[in-house]
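In: 3D model of this:
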Amino acid sequence: MPALPLSAAIGVVGVGAMGAGIAQVAAAAGHPVLIHDARPLAAEKAIEDIRANLARQVEKGRMSQSDCDAAARALSVASAPAGFKDCALVLEAIVEDLDAKRRLLAELERVVRRDAILATNTSSISVTAIGAGLEHPDRLVGMHFFNPAPIMQLVEVVRGMATESSVTECVYDTAAAWRKKPVHTRSTPGFIVNRVARPFYAEGLRLLQEGAADCATLDAIMREAGGFRMGPFELMDMIGHDVNYAVTRSVFDAYYGDPRFTPSLLQLELVQAGFLGRKTGRGFYDYAAAVPPRAQSEAPAACPSGVRICTNTVFGTAIADRLRARGVPFVEDREADTDVVARIGDATVHLTDGRTATQRAAASGNPDVVVVDLVFDPSTASRIAAAPAEQCDETAWRAIAGLLQAADISVSRLKDVPGLAVMRTVAMLANEASDAVHQQVCSSADVDLAMRAGVAYPAGPLEWAERIGENAVLIVLENLFEYYGDPRYRASPYLRQRSLSGRGLHGG
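Out: Coordinates of the predicted model:
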């Protein structure tokens, strides 16, 4: 079944922010759109708001006046569900309540023609469970937009156990025709994004709980080193801790208490205190504070002499290029140890492999060991996290900090935790993405697209893991598991198998 033709009418039930946004998308694509809401005059008000939004798109040069006028004319109100009888697709965007959705869709099923598609915009309820209340569950599909729907590109096309493949293909092609980026996913808890994104929050929360650094420093590291648009704490404050905690708890419960999704007691305390983030003026940050907190950076230190930069890694090569561009003298060294970045006398700098600096110092017999974190783009990163071993001489630490600063990189000193911040988070994101593929929730290509388009990650988790090296990610996870003894760090069979085979995480 191809994409729906532009002549096909689209129905939207429930015109809160999400439903109204979806109606705007469909109308802007050229479909006639009918909207309905049980609240008096809500549908009429939604049409006014949508038309105002369309007019703003014209003002910003993003839409022609003629297209705006056509989309505005395409919108009309259905006074009751019976008004959707001629629609080819009817999508519900009402409250996240299973019984309410079942009642509405059963009513719509009695009204629409047999070949019409019914869709739910649920973000957390099983499409299979919703469809179980229908006479023809084969025509129900999840069509999960992200807020705000006119701006966010991703649409998760969710197939329930009974959904016909022709229905999912039609909705997928229709979403693509609406200039969205659709992905296929099975109806499992969290679908793709709400499942795979859990480690982004969970690892930040664990780092904070362990005293690795403060919120502002950890957020800055994830932005300026990791390339993420926001750090975990500012993002949770924006989402709202009541919402974010509820999603985490929902996924945790749905997976029968899998430790990988364990909620954080820190976040629970915020919820219990009513510190829900921006909407209440306080979360991890106090939004009434006169001076917002700043990330911790090491004080300026002199660049030492006798620096040897190991250029057999991408990171080492980038540091060498940055030093060279700034006229800083060093000796280039190509040695077999692939995670050594630099040597200053007896002091060594290593890329983290999931062990602490103290573990590495004990294993090597050299106390002056510093580990540095993963960065997304070492040629442009403006910050890096680093940690010295407990035995490391402070003079050696200052020399290494001065070296990184000479390459125009701010240094944030973390407590000596395994995997530091970016590396452990990316490893866990890649692991969760691998498990989603392993369990046939989605394809490797779709999980990467979903995380780029849905939550603006700088790279898809599997793409990023391939850049790091699948075996390197596996080693990080194994070292985290050994250190903590926590099954949340168990490696996905898919990641392990692909690392052994050398086929790549996107291989056939």
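In: where along the stretch 51-200 of the chain do the helices fall?
Out: 65-74, 98-111, 127-131, 165-177, 193-196, 198-209 (DSSP state H, counting those that start in this stretch).
In: in stretch 290-303, what counts as buried?
Out: Within stretch 290-303, the residues that qualify as buried are 295-298, 301, 303, counting by 16 or more other Cβ atoms under 10 Å. No exception for glycine: its C-beta is placed from N, CA and C like everyone else's.
In: wait, D346 sits on D368?
Out: Yes. With contacts counted by Cβ atoms under 8 Å, D346 reaches D368, the gap being 5.5 Å.
In: Neighbour count: those two, which is higher?
Out: Per other Cβ atoms under 10 Å, whichever of D346 and D368 has more neighbours is D368, with 24 against 11.
In: need the contact list for that one.
Out: 345-348, 361, 389, 391-393, 396 (Cβ atoms under 8 Å, 6 or more residues apart in numbering).
In: re the thing from before, reformat the buried residues of stretch 290-303 as JSON lines; add secondary structure.
Out: Formatted as JSON lines, the buried residues of stretch 290-303 follow (DSSP: H, G, I helix; E, B strand; the rest coil):
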{"residue": "A295", "secondary structure": "coil"}
{"residue": "Q296", "secondary structure": "coil"}
{"residue": "S297", "secondary structure": "coil"}
{"residue": "E298", "secondary structure": "coil"}
{"residue": "A301", "secondary structure": "coil"}
{"residue": "C303", "secondary structure": "coil"}
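In: Among those residues, pick out the one closest to D486, please.
Out: Using Cβ to Cβ, Q296 comes nearest to D486 of these, at 26.9 Å.
In: Distance of the residue nearest to the closest one when sequence neighbours are not counted relative to M238?
Out: In space, Q296 comes closest to T217 once its chain neighbours are excluded; the distance is 4.5 Å by Cβ to Cβ, 6 or more residues apart in numbering. To M238, T217 is 18 Å away according to Cβ to Cβ, to the nearest Å.
In: Of these two, which one has the most company?
Out: Neighbour totals were compared for T217 and M238, and T217 leads with 24 against 13 (other Cβ under 10 Å).
In: On the three-state scheme, the more buried one is what?
Out: Going by three-state DSSP: T217 is helix.
In: Was I right to think it contacts F233?
Out: No. Counting by Cβ under 8 Å, T217 does not reach F233; the two are 10.1 Å apart.
In: And the strands in the stretch 201-350 of the chain?
Out: Under the criterion DSSP state E, counting those that start in this stretch, the stretch 201-350 of the chain carries strands at the ranges 307-310, 331-333, 340-344, 347-351.
In: With respect to I221, which of those lies nearest?
Out: strand 347-351 (15.1 Å).
In: between whichever helix or strand comes after the closest one and strand 347-351, how many degrees?
Out: Counting by DSSP states H and E, the next helix or strand C-terminal to strand 347-351 is helix 357-364. Taking axes from the mean of the first three to the mean of the last three Cα atoms, to 10 degrees, one finds helix 357-364 and strand 347-351 inclined to each other by 120 degrees.
In: avg pLDDT for helix 357-364?
Out: Average pLDDT, helix 357-364: 96.
In: quick one, what contacts the nearest residue to M236 once chain neighbours are set aside?
Out: Leaving out its chain neighbours, the residue that sits closest to M236 by Cβ to Cβ, 6+ apart is N244, at 5.0 Å. By Cβ under 8 Å, 6+ apart, the contact set of N244 is 201, 236, 267.
In: Among those residues, the buried ones, what's the PyMOL command?
Out: This is how PyMOL selects the buried members of the contacts of N244, with burial counted by 16+ other Cβ under 10 Å:
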select buried, resi 201+236+267
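In: from the contacts of N244, which single one is nearest G469?
Out: Using Cβ to Cβ, Y201 is the member of the contacts of N244 that lies nearest G469, at 25.4 Å.
In: Thanks again, I'm all set now.
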